[in-house]
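Engineer: when you get a sec, could you give me coordinates for this:
(chains A and B)
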Amino acid sequence: MDDLLREFLTETNESLDVADVELVKFEQDPNNAQILNNIFRLVHTIKGTCGFIGLSRLAALAHAAETLMDRFREGVPVTSEAVGLVLQTVDRIKELMAELEARGGSEPEGSDQDLIHLLEEMAAGAHKPPPTPVVVAPPPKATGTQISQLERELLPGEIPLDELDRIFRETPVDPPRGQAALPAPAKAAPPAPAPKPPAPAPVARKAADDEPKAPARGGDDHAGSVSSQSIRVNVGVLEHLMTMVSELVLTRNQLMEIARRQEDSEYKVPLQRLSNVTAELQEAVMRTRMQPIGNAWQKLPRIVRDLAQELGKQIELEQIGAETELDRQVLDQIKDPLTHMVRNSADHGLEMPEERRAAGKPEKGTIRLSAYHEGGHVIVEISDDGKGLDVARIKQKALDNGLATEAELARMSDGQVFRFIFAAGFSTAAKVTNVSGRGVGMDVVRSNIELIGGTVEVRSKQGFGSTFVIKIPLTLAIVPALIVEASGERFAVPQSAVIELVRVQPNSEHQVKRLKESPVLCLRDKLLPIVNLGRLLGMVQDGEENLDDLLIAVMQVGNQTFGVVVDAVSHTEEIVVKPMSTVLRQLPMVSGSTILGDGRVIMIVDPAGLAQVAASPEEERASDLAADAAARLRDQGATTSLLLFRAGSTDVKAVPLSLVTRLEELELDKVETVNGHPVIQYRGSLIPLVHVNDNVKRGTTGTQPMLIFSDEGRVMGLVVDEIVDIVEARLDMQLSSDAPEALGAAIIDGQATEILDVGHFLSIAFGDWFERNEEDDDFGKLLLVDDSLFYRNLIEPVLRGAGYEVTSCASGREALERLQSGIRFDAIVSDLDMPEMDGFQFARQVRAEPATAGVPIIALSSDRSSDSIERARQAGFTDYIAKFDRPGLIAALKEFAGTAHGEAA
Amino acid sequence: MTSTSLVIARQENTGAGAQYVTVRIGPQLFGLPIEMVHEVFVPDHITRVPLSNPEIEGVLNLRGRIVTMINMRTMLGLAAHAENRRMAVGIEHHGESYGLMIDEVGEVLVLEPGRREANPTNLDAHWADIVTGVYRLKGQLMLVLDVDLALGRLNTARAA
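Structural biologist: Numbers count the residues shown, from 1 in each chain, chains lettered A, B, ... in the order given. As a prediction, the model looks like this:
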């Protein structure tokens, strides 16, 4: 009885999963007789089998559900409640089955009279509407209240023979039909082989399926001919087979390694053969473990339906590519993350019907699941057409949680901001529902996916929905890897993450530059952060790194690309991933170990871990940066980020970094000439090139660094000889300059440095661009008050660039002290929203002081309400400018500070 | 793999006493319950594991199994090995293979459980965590090392 029972459990569970899916479809399409017949037959089969094995509770339940379904077949209108009731019954049957399994085959005590009663009532009620009370349907069933009595009669072993016979005859035939009507996941229940194999694929899948249905137990007569095509194999057997093949692969690798060292070995040929056979065997075994991803999706339609009802939304679930196959181990691992993400989309992604209507979208929201293969990976996308991610809210939340500073956030692209949703404890859901929004979730999703070597990213457009893209390896057991060396140790890097290998030498095409402490690789049109593998893994002590001759593996994880410096690259090898022992499992950047051909154990590097470090270089070298940061804190506010470079001479020149849009490598052979002026195609448009001076070298091949400046849609490239560094320095103009291209000179890092005037080059490039103040060699003095270091750094260079001498203060109190110290300022630019003393208070105090009562004060604020503007006017502000309105600020200063200055002169 | 290994011959348990494999770590004699010890081998070709606890010496391949090597001197807060001669005791812990690196393996002793005494109260707290008793042998003391506690400490150290 044991085998029979086990088979029954597997089979019935599969049928129930299919019934779930079918019922949800049926609810949406109640007139589809085909679907109805499918469900009816499924329930009927369950009832029959239960009766046969003597499971009376289950049989009674199934029977009552079947009766109700029969009413539908007779044409009684289908209601949502009725379907809900049947679904409820299916759930109860599942519970009973689970208990049945746990108890080793005996049905649990208890009664289902509650449900049966409801079902009967529903059947009886539904029975009324049709004019003629139909009393037909399958012969063994009667109608109305008689049912329960009849049911009693149908207890164990009492199923009529002809009924049994019918079940057996029907069983093998059902599923192919079901498959036709079902969406892709139907494969999930590949039942006994169909008389005519529908297509080669399903057959192969059958062999692969761990639990293909065996031919019906009694019906050998019918199934005999096809039983040879598929057998049911225990998962354990397959797992064992897989382990053995893994070992075989290892041994093969070891032999190959030995053969590599021996020239002209007579083993070479048979070894090659062994290698091929091993590879084929590996592939074949791998295939037996493959399952369609639809198996992981199977429960989703039901979940979405229940959610939709609970939340009062209308949701359609589309499934594309459910037949895409992947390793069962991987499949198991992504089931939960997928479910979670679909729940999230339904709960947070899609709006309520009213909102959707207001936004001009159909009331019914769509969640689309799609899967496809892409070079050794399976890509799964979950997209919804809902409201999309709210960038502002994520930023605010990131700020609140201390994940990033205001300045960092301002520099981030939307894509980078979205990545915060995968941070631990990060939930932007305004309200916590019992569906999602508990602050656990996306981080777990991400770690689950990364655990199996996958990545997850998100794309979103506000108002148009979000798409989560999951990239997972086809299999976990054996992966192709690149064997590299760093600090005397070898490491395996999963090949899937490596895009290319780059060698950097003094004369090579690609160069490594240092921006401040961080080395970057200029690779074609990209600037990539570089990390040193040996150093990251703590295998070498910090020391000065030689950037002249490097071997760099360029890696991509998600949408992040970065370079990893290694000492040597040895070869690629199929490695068998061995898990780390428990005490080593939490290590960052190491995901497992493997045994190489020569018997040595090496670590497998986790690309996702490296990517995280590459994304935050500051944290990486925390120790020496800490001192740096402390130093920066001390004279915060007084410093400006400057980009240092050389052009035309060995002297160092500088421009404020905030004025530089981007650093690029200019490919000299791409330079064209228009009207005698050099130009280059940059991001789809022609931009003028300006050399800093006549002495800047003008090659025709190779590359040369260039600074990109842009403003109001106009972009230009300033060609220099060499980028030197980025420094934080006090911009203290010591000498003014006669040269038109320079604002003056300042001492930076103990060296006289020429500060170039970006405006000058812009006017060369565009002629009309920047109307410079005639008297700009005579600076107006400005006092800038803002509590945010970020804004100070942003605005200060703008003001300096416009020809003013700027003194920055972090608070109103500090500013007042400066004013009282007797320094005369031509104008004050102040933030309104500041802690301690706000802008209004500050302005009143300035006005109250006779010495400063006449100085123009310009308010900077992001609040543009008329109320605020009026308050500012009353407090004594001269003008009111929006925080990001740079031209407006310059214009206002010209008007007020210019006059003040003129009078003073 | 050149590591030699010998499997401890398990004596017929007479039922009278508990059997311990004695090992020397630094100057101190320790006893490991014999049922914990699978083998004794000379470690060779140890691969360092980056960013791991200092107690973790690395991993090695012992006949196709990956064994995590633990430096017992480091774990007990003793000075690192001066000489090169090292031995390791192979143990199984929750289905995983570990190697405890020690200085020397002694003999198998059968000791009466009744003679086992509690840890002295002034025993180094670091040691008291993983030592579950003391036997007074002729001329020296043998501390009973609890392998589960020792490995458990590595786990909690990670989590913390």
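Engineer: for the residue most central in space within chain B, helix, strand, or coil?
Structural biologist: By C-alpha atoms, centre = their mean, chain B has its centre lying nearest to B:L100, at 4.8 Å. Three-state call for B:L100 (DSSP: H, G, I helix; E, B strand; the rest coil): strand.
Engineer: contacting residues for the residue in chain B that chain A sits nearest to?
Structural biologist: Nearest to chain A, among the residues of chain B, is B:P50, at 3.4 Å (C-beta to the nearest C-beta). Any C-beta I mention is one placed from the backbone N, CA and C, and that applies to glycine too. B:P50 sits next to A:E489, A:L537, A:G538, A:M539, A:L587, A:M589, A:V590, A:M603 when contact means C-beta atoms under 8 Å, 6 or more residues apart in numbering or on different chains.
Engineer: find the nearest non-adjacent residue to the last one, please.
Structural biologist: Spatial nearest neighbour of A:M603, excluding adjacent residues (C-beta to C-beta, 6 or more residues apart in numbering or on different chains): A:V590 at 4.9 Å.
Engineer: find the residue closest to the residue of chain A found nearest chain B in space, skipping its chain neighbours.
Structural biologist: Residue of chain A nearest chain B, by C-beta to the nearest C-beta: A:L537 (3.4 Å). In this structure, A:L537 finds its nearest non-sequential neighbour in B:P50, 3.4 Å apart by C-beta to C-beta, 6+ apart.
Engineer: distance check, that neighbour against A:F491.
Structural biologist: According to C-beta to C-beta, to the nearest Å, B:P50 and A:F491 sit 9 Å apart.
Engineer: mutual contacts of those two, please.
Structural biologist: A:L537, A:M603.
Engineer: quick check: residues of chain B near chain A?
Structural biologist: B:1, B:45, B:47-53, B:56, B:59-61, B:64, B:66, B:68, B:94, B:96-98, B:151, B:154-155, B:158-159 (C-beta under 8 Å from any C-beta of the partner chain).
Engineer: wait, A:D863 sits on A:D838?
Structural biologist: No. A:D863 lies out of contact with A:D838 (C-beta atoms under 8 Å); the separation is 11.6 Å.
Engineer: and B:L141, what pLDDT?
Structural biologist: If you check B:L141, the pLDDT there is 91.
Engineer: look up phi and psi at the nearest residue to A:F420 once chain neighbours are set aside.
Structural biologist: Spatial nearest neighbour of A:F420, chain neighbours left out: A:A398 (4.6 Å); criterion: C-beta to C-beta, 6+ apart. Backbone dihedrals for A:A398, given as degrees, to the nearest 10, come out at phi -60, psi -40.
Engineer: contacting residues around A:A398?
Structural biologist: Contacts of A:A398 by C-beta under 8 Å, 6+ apart are A:A404, A:L409, A:V417, A:F420, A:A423, A:F426.
Engineer: now tabulate those residues in a markdown table and tack on secondary structure.
Structural biologist: Formatted as a markdown table, these follow (three-state DSSP):
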| residue | secondary structure |
| --- | --- |
| A:A404 | coil |
| A:L409 | helix |
| A:V417 | helix |
| A:F420 | helix |
| A:A423 | coil |
| A:F426 | coil |
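Engineer: quick check: A:P292 touching A:E325?
Structural biologist: Yes. At 5.5 Å, A:P292 counts as touching A:E325 under the criterion of C-beta under 8 Å.
Engineer: helix, strand, or coil at A:V493?
Structural biologist: A:V493 - assigned by three-state DSSP - is strand.
Engineer: start and end of stretch A:556-573, how far apart?
Structural biologist: Stretch A:556-573 has an end-to-end distance of 20 Å (C-alpha to C-alpha, to the nearest Å).
Engineer: quick one: average pLDDT of that stretch?
Structural biologist: On average, stretch A:556-573 scores 85.
Engineer: kind regards, and thank you for your time.
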